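> Need a 3D model of the following:
(chains A, B and C)
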Amino acid sequence: MRDPPARFDPDPSLSRAAMEALQCEIADAAVFDDDLPFDPARVGETGPDAPLVAGVDQAFLTDREPERAVSAIVLWRGGEVVERTHAVLDVDLPYIPGLLSFREAGSILAAFRTLDRDPDVALFDGSGRIHFRQAGLATHVGAALDLPSVGVAKSLLCGTPRESVDELPAGARVPVEVRDGDDLDAPVGTVVGYAYQSRQFPDSRRINPLYVSPGHRVSAGTAVALVARCGGDYKLPEPTRLADAYADEVKRELRE
DNA sequence: GCGACAG
DNA sequence: ATCTTGTCGC
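Model (predicted):
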């Protein structure tokens, strides 16, 4: 995949204030509406013309200093893995809520550079627009590459579900909106994403929903619809789950 | 000061 | 995210 313009470079040496300022620029440039060069309704279909979905995930090696990040990308189309790649980079920035992309985007962008094919859309492990400054990991990387992107988080960073997300049936989606008092830089009432119950146990045990939000060039509604089409039998959508497993695989090999 | 916080 | 085996339950 082509090199990203350096405009939104996730430089981990920036001051916290500079990182936050850059995030505001990113949110300003990001598009939270559908601007897709493909039909999202065709995600999940088989064949050479069906959309190519990239699943992206990280694993970390903490056995040395500095810590190393393994970013894995799996290109998925209609249940088939078309391509896999990964990159390993040193990271010195710790995890800071709200600044995740400055810790992880470097290795992610490095991995994207080694990709042979251009994906149509990418799914990230983390938030997109559901972020204090509307610039989560999915938005940062999506905007940097000008690639349609979606955030798929396992827990909610900010924003408020419109109704309880306890005991949702499989397939249910609840809007996550901005309420008065929320630390989220968007007008009150804005739907910044959805809680999406991808799977549910038949018995009473509970599975937390996923929190899906627009990264770049995708609306909130299309983002969930798209994730729902990446099905599979687990909580996480297939591209993400496969990238997660691949990152762990690379990590195992790397510490032998 | 308190609370709350993706991975 | 990571440290980590077996184990309780359907």
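
> Which of the three states applies to the closest residue to residue A:86 other than its chain neighbours?
If you skip the residues right next to it in sequence, residue A:86 has residue A:72 as its closest partner in space, 4.5 Å away by CB to CB, 6 or more residues apart in numbering. For glycine as for every other residue, the C-beta is placed from the backbone atoms N, C-alpha and C. The local conformation at residue A:72, judged by DSSP: H, G, I helix; E, B strand; the rest coil, is strand.

> Quick check: residues of chain A near DNA strand B?
Remark: the part of chain A in contact with DNA strand B comprises A:57-58, A:95, A:97-101, A:125-127, A:131, A:136-138, A:151, A:153-158, A:183, using CB under 7 Å from any atom of the strand.

> From those, which land in helices?
A:100, A:101, A:137, A:138 (DSSP state H).

> can you pull the contacts of the second one?
Listed by CB atoms under 8 Å, 6 or more residues apart in numbering, the contact set of residue A:101 reads A:10, A:135, A:136, A:137, A:140, A:141.

> if I look at the closest residue to it other than its chain neighbours, how far off is residue A:19?
By the measure of CB to CB, 6+ apart, the closest residue to residue A:101 outside its immediate chain neighbours is residue A:140, 3.8 Å from it. Counting by CB to CB, to the nearest Å, the gap between residue A:140 and residue A:19 amounts to 10 Å.

> could you flag which of the residues of chain A next to DNA strand B are buried?
By the neighbour-count criterion of 16 or more other CB atoms under 10 Å, those include these buried positions: A:57-58, A:98-101, A:125-127, A:131, A:136-138, A:151, A:153, A:156-158.

> residues contacting the closest residue to residue A:78 other than its chain neighbours?
Residue nearest to residue A:78 in three dimensions, not counting chain neighbours: residue A:46, with 3.6 Å by CB to CB, 6+ apart. Under the criterion of CB under 8 Å, 6+ apart, the contact list for residue A:46 reads A:77, A:78, A:79, A:80.
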